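J.: from the sequence below, what's the structure:
(2 chains)
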Amino acid sequence: MKEIVKVLGNVVFKMPQGLYVTFKHLFKKPVTLDYPRRKKPMAPRYRGRHYLERYDDGTERCVCCGLCAAACPADAIYMEPEENEKGERRAIVYEINLLRCIFCGFCEEACPEEAIFLGQEYEFSDDNRDSFIWTKDQMLVPHPRKDNPFKRIYRRVRKVYGVTDKDK
Amino acid sequence: MLEIILISSVKIVVVIVAVLTGCAYATYMERKLVAFMQHRIGPLYAGPYGLLQPIADAVKLIFKEDVVPNNVERVTYALAPIISFIPALLTFAVVPFAADATLFGREIKMVISDLNIGVLFIFAVTSLGVYGLVLAGWSSGSKYSLMGALRSSAQMISYEVGYGLSIIGVILVANTLSLRELVAQQASVFDWFVWKQPLGFLLYLTCAIAETNRLPFDLPEAESELVAGYHTEYSSMRFATFFISEYANMLAVSAVGATLFFGGWQGPYLPSIAWFIIKVFLFMFFYIWLRGTFPRFRYDQLMSFGWKVLLPLALLNTMVTAAIVML
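T.: The predicted model follows:
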């Protein structure tokens, strides 16, 4: 008898409460994303893959000073300098080992030329270790910057750091 | 004679196809709804909104390798899925699914067979379904399967009595066992038997969940304890047969519930078949909702619930109804 009263009480008072909770959640926005098709917008200051910037005329900003490599706590950056035809220093080899990199952003803090930036991309998976060593060609922003997808990211990063080309 | 055979065969084919499609889309509905309740998105890749997912699943299951373990009882092992599948489909033989129609000057009853003991037939047939589970569990030669089978037989014993008694009230009020008659008596919303038999309806709903091994009472399959219960050792199409029979059972129980308590195909404006489908799928929605809400009963809780709560309540309901009908 006691048990029956308890069960009936649960059916009348407790169970609708539980059912109401699940029903309420039925209409909420899902927290999961249809991931490979839809991606979460990253924060403007997110530190993803590296970009090597250029001046507006297309010359590389990087002068291969080595400060980024010195600042790098993971020792992930390797570079070799050379002189270009105008006698300016630039990097002939510039490699970042993305397996070592901890994406701390110290390289972009250290860079005196505003040359290296961490972008928004975070999908690096691959099936061999060698392809994680990114070279200069992979990281350099393509020169005619028109309608390329990096532009948006570049501007946003610049805004965060409060630096524009005019300040140079 | 030939005409009768022809009409019946057509009806049978239509009903079976409809039930199997219904089962397929019940799985889709379940996956989607449970996903939404858990803030997920559910199947999305096969077709628009994942609508072809059930078909993809069926194709996958058909082409999968049929693994038969070494120490199974071969004949029973092969028979068990069929034994649990057929009763699930048989229930639909007596459920009227639409208003009578006239086709080529001939009146066609929208029910495969209008048995005058329809309710009795349904309860006899649905009870048979448990043999499939028990035999599957026993013949698999696996301890998980055996545990599942044991549980399902114990569960059946505790619930079958309450299940049978829960609808006695309706039958007493309606004074008929034919489902067509029952539907005819519930012409308007106020004549629905839910209003006359609220306790009977609740008991039916509870027992029906136990009968179909759905979530608050899904002890025979209990994923977290018994791997998959009675169908642990089944794969490929044999597993699919169990899966379909579970959903066909759910549909059957929903259809019977809609017929007994909610006026079957009766309803305004829309065609009668649409009302029937709407009612059945509201039941299904409730099942899925329960699954998304409540955890599984413990074994002893379930037994004591069956014997100490459901049975006395069902008896009480029967007695009170009988007394009122007498007066």
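J.: from here on, just use CA atoms for contacts and neighbour counts.
T.: OK.
J.: any figure for the gap between whichever residue of chain A sits closest to chain B and residue B:293?
T.: Among the residues of chain A, residue A:30 lies closest to chain B, at 4.0 Å counting by C-alpha to the nearest C-alpha. In this view, residue A:30 and residue B:293 are 17 Å apart by C-alpha to C-alpha, to the nearest Å.
J.: ok, those two, which is more surrounded?
T.: Each of residue A:30 and residue B:293 has its neighbours counted (other C-alpha atoms under 10 Å in any protein chain shown); residue B:293 has more, 19 against 16.
J.: give the contact list for the residue nearest the centre of chain A.
T.: Nearest to the geometric centre of chain A sits residue A:48, at 2.0 Å (C-alpha atoms, centre = their mean). By C-alpha atoms under 8 Å, 6 or more residues apart in numbering or on different chains, the contact set of residue A:48 is A:103, A:118-122.
J.: cool, residue B:183 as well?
T.: Contacts here follow C-alpha under 8 Å, 6+ apart; on that basis residue B:183 touches B:259-260, B:263-266.
J.: repeat for residue B:95
T.: When contacts are counted by C-alpha under 8 Å, 6+ apart, residue B:95 touches B:111-112, B:118, B:179-180, B:255-256, B:259.
J.: give me the buried subset of those.
T.: For the contacts of residue B:95, a neighbour count by 16 or more other C-alpha atoms under 10 Å in any protein chain shown gives the buried set as B:111-112, B:118, B:179-180, B:255-256, B:259.
J.: wait, which of these is closest to residue B:30?
T.: residue B:255 (17.2 Å; C-alpha to C-alpha).
J.: which SS class is that closest one?
T.: Assigned by DSSP: H, G, I helix; E, B strand; the rest coil, the conformation of residue B:255 is helix.
J.: same check, this time on residue A:94
T.: With three-state DSSP as the basis, residue A:94 sits in strand.
J.: over to the one 10 residues further on?
T.: Under the three-state scheme (three-state DSSP), the conformation of residue A:104 reads as coil.
J.: still on that earlier bit, go ahead and confirm the residue of chain A closest to chain B touches residue B:39.
T.: Yes. Because the distance of 4.0 Å satisfies C-alpha atoms under 8 Å, residue A:30 is recorded as touching residue B:39.
J.: ok, back up a step: what's the closest of the contacts of residue B:183 to chain A?
T.: Closest to chain A, out of all of the contacts of residue B:183 and judged by C-alpha to the nearest C-alpha, is residue B:260, at 21.6 Å.
J.: and the closest one, how many neighbours?
T.: Neighbour number of residue B:260 under other C-alpha under 10 Å is 25.
J.: helix or strand for it, which one?
T.: Here residue B:260, judged by DSSP states H and E, is contained in helix B:236-261.
J.: what is that helix packed up against?
T.: Where contact means 3 or more C-alpha pairs under 8 Å, 6 or more residues apart in numbering or on different chains; DSSP states H and E, helix B:236-261 is packed against helix B:2-37, helix B:53-63, helix B:74-90, helix B:179-185, helix B:193-196, helix B:198-211, helix B:272-293.
J.: in JSON lines, list those helices along with distance to residue B:318 and mean pLDDT.
T.: Below are those laid out as JSON lines (distance: least, C-alpha to C-alpha, whole Å; pLDDT from 0 to 100):
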{"stretch": "helix B:2-37", "distance to residue B:318": "32", "mean pLDDT": "87"}
{"stretch": "helix B:53-63", "distance to residue B:318": "41", "mean pLDDT": "88"}
{"stretch": "helix B:74-90", "distance to residue B:318": "27", "mean pLDDT": "87"}
{"stretch": "helix B:179-185", "distance to residue B:318": "18", "mean pLDDT": "82"}
{"stretch": "helix B:193-196", "distance to residue B:318": "12", "mean pLDDT": "82"}
{"stretch": "helix B:198-211", "distance to residue B:318": "8", "mean pLDDT": "86"}
{"stretch": "helix B:272-293", "distance to residue B:318": "24", "mean pLDDT": "87"}
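J.: and these: which comes nearest residue B:229?
T.: helix B:74-90 (13.7 Å).
J.: mind exporting the C-alpha coordinates of that closest one to PDB?
T.: Below are the C-alpha coordinates for helix B:74-90, written out as PDB (Å, rounded to 0.1, in the frame of the first residue of the first chain):
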ATOM      1  CA  ARG B  74      22.000 -23.800 -34.500                       C
ATOM      2  CA  VAL B  75      18.300 -24.500 -35.200                       C
ATOM      3  CA  THR B  76      17.000 -22.400 -32.300                       C
ATOM      4  CA  TYR B  77      19.600 -19.700 -33.000                       C
ATOM      5  CA  ALA B  78      18.300 -19.300 -36.500                       C
ATOM      6  CA  LEU B  79      14.700 -19.500 -35.500                       C
ATOM      7  CA  ALA B  80      14.700 -17.100 -32.600                       C
ATOM      8  CA  PRO B  81      14.800 -13.800 -34.600                       C
ATOM      9  CA  ILE B  82      11.900 -15.000 -36.700                       C
ATOM     10  CA  ILE B  83       9.900 -16.100 -33.700                       C
ATOM     11  CA  SER B  84      10.300 -12.600 -32.200                       C
ATOM     12  CA  PHE B  85       9.600 -10.900 -35.500                       C
ATOM     13  CA  ILE B  86       6.300 -12.600 -36.600                       C
ATOM     14  CA  PRO B  87       4.200 -11.900 -33.500                       C
ATOM     15  CA  ALA B  88       5.200  -8.200 -33.800                       C
ATOM     16  CA  LEU B  89       3.800  -8.100 -37.300                       C
ATOM     17  CA  LEU B  90       0.800 -10.400 -36.500                       C
END
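J.: buried residues in that helix?
T.: By 16+ other C-alpha under 10 Å, the buried positions in helix B:74-90 come out as B:76-78, B:80-90.
J.: contacts for stretch B:20-32?
T.: With contact meaning C-alpha under 8 Å, 6+ apart, stretch B:20-32 is reached by B:41-43, B:51, B:53-55, B:244, B:247-248, B:251, B:284-285, B:288.
J.: closest residue of the stretch 1-150 of chain B to chain A?
T.: residue B:39 (4.0 Å).
J.: quick one: residue A:76 from residue A:44, how far?
T.: From residue A:76 to residue A:44 the distance is 24 Å (C-alpha to C-alpha).
J.: neighbour-wise, which of these two wins?
T.: Using other C-alpha under 10 Å as the criterion, residue A:76 and residue A:44 rank with residue A:76 on top: 18 against 13.
J.: how about stretch B:45-54, does it get close to chain A?
T.: No. Contact of stretch B:45-54 with chain A (C-alpha under 8 Å from any C-alpha of the partner chain) is absent, the minimum separation being 9.4 Å.
J.: next, the distance between the ends of that stretch.
T.: End-to-end distance for stretch B:45-54, by C-alpha to C-alpha: 12 Å.
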